[in-house]
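> test case, fold it:
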Amino acid sequence: MKAIFIGSFLALFFVNGYAQKKQQDTLAILIIDRMSDVIGDLESCSFKLNAAIDDWDPSYGLVKHFTNYEVYLSGQSKMMVNVHGIHGHRQFLYNGDQLAYYSYDENNYGMIKTPGTSIQMIDSLHKMYDFDFPAGDFFYPAFTDDLLESADSVNYLGMVKINDKEYFHVMAVSKDVNLQFWISNDAYNLPAKFSITYKNKEGTPQYVASFSDWQINPALPNAMFDFQPPPGASQVRIMAKNEK
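Below you'll find the model as predicted:
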């Protein structure tokens, strides 16, 4: 998988990795495979993602920003994401044919024609528009294979308890990035938290995100993924990155 709402952590490994003998913990691989298999079998789901990212400011050093996401996925080609963060309240809607972007604060919207699956849409918009979508990596069928190919080491660090719940702790390492997962130790083995630490950036910034309110196979009507412009909303053109 090559795309995620905050930028692909696997892409970071591919770009920044260096050749050395790989260390691959079989238990870590088993845990990640189990998580990936469960996600791959879902017909629909929803979850919340609360993220904190460090940005470098020349005057203040690392400044932390917070973003909250509500994500709904149905089948292979339906997606809704509500975003609350430093850029205000935004919504992304994908119905298998086109992606709609809407800014609640500015009351404007943009439409991008991009037929295909949600994964194909994420890849296409990341390449053309630098759009990033939260936790998208976890939903790619080849998640484990991509991670093993791109990381220099993948290890199981043991069981940890957070708020009286048990989680498997897994770490993947490359030259410039450390990626950590906390995966629920229950029947579903869904991701609960992940962090990205950038080792070669000024101030060693980190991205940390926590999942909550997982809903497994909820009934999500197709109509909720079709965008209807609100009254008075103006349409804007979304420029591809090669046009900027």
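> pull the longest helix that the chain contains out as CSV, backbone CA atoms only.
In the chain, ranked by residue count with DSSP state H as the criterion, the top helix is helix 26-40. Provided in CSV are the C-alpha atoms of helix 26-40 (Å, rounded to 0.1, in the frame of the first residue of the first chain):
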residue,chain,number,x,y,z
THR,A,26,7.7,-14.6,12.8
LEU,A,27,5.4,-13.7,15.7
ALA,A,28,5.2,-10.1,14.6
ILE,A,29,4.4,-11.3,11.0
LEU,A,30,1.7,-13.6,12.4
ILE,A,31,0.0,-10.8,14.3
ILE,A,32,0.1,-8.4,11.4
ASP,A,33,-1.2,-11.0,9.0
ARG,A,34,-4.1,-11.8,11.4
MET,A,35,-5.0,-8.1,11.6
SER,A,36,-4.8,-7.7,7.8
ASP,A,37,-6.9,-10.8,7.2
VAL,A,38,-9.7,-9.6,9.5
ILE,A,39,-9.8,-6.1,7.8
GLY,A,40,-9.8,-7.8,4.4
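> and that helix, what does it pack against?
Packing partners of helix 26-40 (3 or more C-beta pairs under 8 Å, 6 or more residues apart in numbering; DSSP states H and E): helix 143-150, strand 153-162, strand 165-173, strand 177-184. C-betas here are computed from N, CA, C, even on glycine.
> can I get these in TSV with distance to Asp213 and mean neighbour count?
Compiled in TSV, these are given as follows (distance: least, C-beta to C-beta, whole Å; neighbours: other C-beta atoms under 10 Å):
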stretch	distance to Asp213	mean neighbour count
helix 143-150	22	19
strand 153-162	16	14
strand 165-173	14	19
strand 177-184	13	20
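> mind putting these in JSON lines, distance to Pro231 and mean pLDDT included?
Putting the helices and strands packed on helix 26-40 into JSON lines (distance: least, C-beta to C-beta, whole Å; pLDDT from 0 to 100) gives the following:
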{"stretch": "helix 143-150", "distance to Pro231": "42", "mean pLDDT": "87"}
{"stretch": "strand 153-162", "distance to Pro231": "44", "mean pLDDT": "95"}
{"stretch": "strand 165-173", "distance to Pro231": "44", "mean pLDDT": "96"}
{"stretch": "strand 177-184", "distance to Pro231": "42", "mean pLDDT": "94"}
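> ok, which of the ones you listed comes nearest Asp25?
Comparison of the helices and strands packed on helix 26-40 against Asp25 by C-beta to C-beta identifies strand 153-162 as nearest, at 4.5 Å.
> three-state assignment of Gln76?
Classification of Gln76 by DSSP: H, G, I helix; E, B strand; the rest coil places it in coil.
> following the longest helix of the chain, which helix or strand shows up next?
Proceeding N to C from helix 26-40, the next assigned helix or strand is strand 44-57, under DSSP states H and E.
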